[in-house]
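Trainee: 3D model of this:
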Amino acid sequence: MGSLSIWHWLVVALVIILIFGTSKLKNAGKDLGSAIHDFKKGLNGEEKPKIKGDNTAQPIEDDSNQ
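Mentor: Alright, predicted model coming up:
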């Protein structure tokens, strides 16, 4: 007595599913997963620049004096 059996947890899970619905629970799980993924990525410092192409400065040729 005092600890919850598997049947108690199943009833609690069923009540939560009935209250919130499966779509809200799926979205909450998806959001939680992406938040954890982004947090771990931030801790590891794996953020890479998203800029594509060559970022070097190119000299501009002035053709107006010719």
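Trainee: quick one: the strands in this structure?
Mentor: For the chain, no strands are identified by DSSP state E.
Trainee: can you give me the helices in it?
Mentor: 6-20, 22-44 (DSSP state H).
Trainee: Now do the first one against helix 22-44: the angle between them, please.
Mentor: Using axes from the mean of the first three to the mean of the last three CA atoms, to 10 degrees, the interaxial angle of helix 6-20 with respect to helix 22-44 works out to 100 degrees.
Trainee: which helices and strands does helix 6-20 pack with?
Mentor: Contacts defined by 3 or more CB pairs under 8 Å, 6 or more residues apart in numbering; DSSP states H and E place helix 6-20 against helix 22-44. Any C-beta I mention is one placed from the backbone N, CA and C, and that applies to glycine too.
Trainee: tell me the pLDDT at Glu47?
Mentor: Looking at Glu47, its pLDDT is 57.
Trainee: now the most centrally placed residue in the chain: how far from Lys26?
Mentor: Nearest residue to the geometric centre of the chain (CA atoms, centre = their mean): Ser34, 2.3 Å. Distance from Ser34 to Lys26, counting by CB to CB, to the nearest Å: 13 Å.
Trainee: Just put the helices of the chain in CSV and tack on mean pLDDT.
Mentor: Written out in CSV, the entries for the helices of the chain read as follows (pLDDT from 0 to 100):
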stretch, mean pLDDT
helix 6-20, 92
helix 22-44, 91
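Trainee: Let me know which of those is the nearest to Glu61.
Mentor: Of all the helices of the chain, it is helix 22-44 that lies closest to Glu61, at 42.9 Å by CB to CB.
Trainee: Which elements pack onto the closest one?
Mentor: Using 3+ CB pairs under 8 Å, 6+ apart, the elements in contact with helix 22-44 are helix 6-20.
Trainee: ok, and what's touching the helix it packs on?
Mentor: Helix 6-20 has contacts (CB atoms under 8 Å, 6 or more residues apart in numbering) with 25, 28.
Trainee: mind checking how far that helix is from the chain centre?
Mentor: 27 Å (CA atoms, centre = their mean, to the nearest Å).
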